[in-house]
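> the sequence and its predicted three-dimensional model are supplied below.
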Amino acid sequence: MVIDITDRSFEEEVLKSDLPVVVDFWAPWCGPCLRLSPLVEKFSEEFKGKLKCCKLNVDENPETAMKYQVMSIPLLLFFKDGRKVDESLGAVPESVIRPKVEALL
C-alpha cells in the first residue's frame, strides 16, 4: 500500500522510518506521474514489510518539495536511515528503478 504523505507527516513517515522509503513526488495534472504511479504500487506490494512507498503531492506540500529542491516531476527519492541516498527523475522504466530499489534493501 502506498501511503499519501504531507509536509506534516514527512518526518515521521520517511525520516524516522525503520524501513527504507521511496517517496514519489507527483501532481495530479502530471501525465508522466500518473504513468509512474502503478510501478510505485507494484514495488509497494512486492517488497511489503521491507520497503515503504509514499506519495507526496507537490502542489499541496510545497515545503517538502522546496526542501528537496524538486524542480521537475515525477521524482522518486530513495531514503535509508533518514537520509536521501538516491533519486530517479522522470517516468523511467522499471529496469531503471528496480536496481535502485533493490540497492535500498
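Received the coordinates, thanks.
> residues of stretch 28-45 that come out buried?
For stretch 28-45, burial by neighbour count (16 or more other Cβ atoms under 10 Å) applies to Cys30, Cys33, Leu36, Ser37, Leu39, Val40, Phe43, Ser44. C-beta: built from backbone N, CA, C; applies to glycine.
> OK, contacts around the closest residue to the second one other than its chain neighbours?
Leaving aside its sequence neighbours, Cys33 sits nearest to Trp26 (Cβ to Cβ, 6 or more residues apart in numbering; 3.8 Å). Trp26 makes contact with Cys33, Leu34, Leu36, Ser37, Lys55, Leu56, Asn57, Val58, Ile73, Pro74, according to Cβ atoms under 8 Å, 6 or more residues apart in numbering.
> so the fifth one touches Asp24, yeah?
Yes: the pair formed by Lys55 and Asp24 meets the contact definition of Cβ atoms under 8 Å, at 4.6 Å.
> which neighbours do these two share?
Residues touching both Lys55 and Asp24 by Cβ under 8 Å, 6+ apart: Val2, Ser37, Val40.
> out of the buried residues of stretch 28-45, who's nearest Lys80?
Closest to Lys80 out of those is Phe43 (14.8 Å), distances taken as Cβ to Cβ.
> can you list contacts of the helix or strand that contains the closest one?
According to DSSP states H and E, Phe43 maps onto helix 31-46. With contact meaning Cβ under 8 Å, 6+ apart, helix 31-46 is reached by 1-2, 22, 24, 26-28, 51, 53, 55, 73-74, 76, 90-92, 94, 97, 101.
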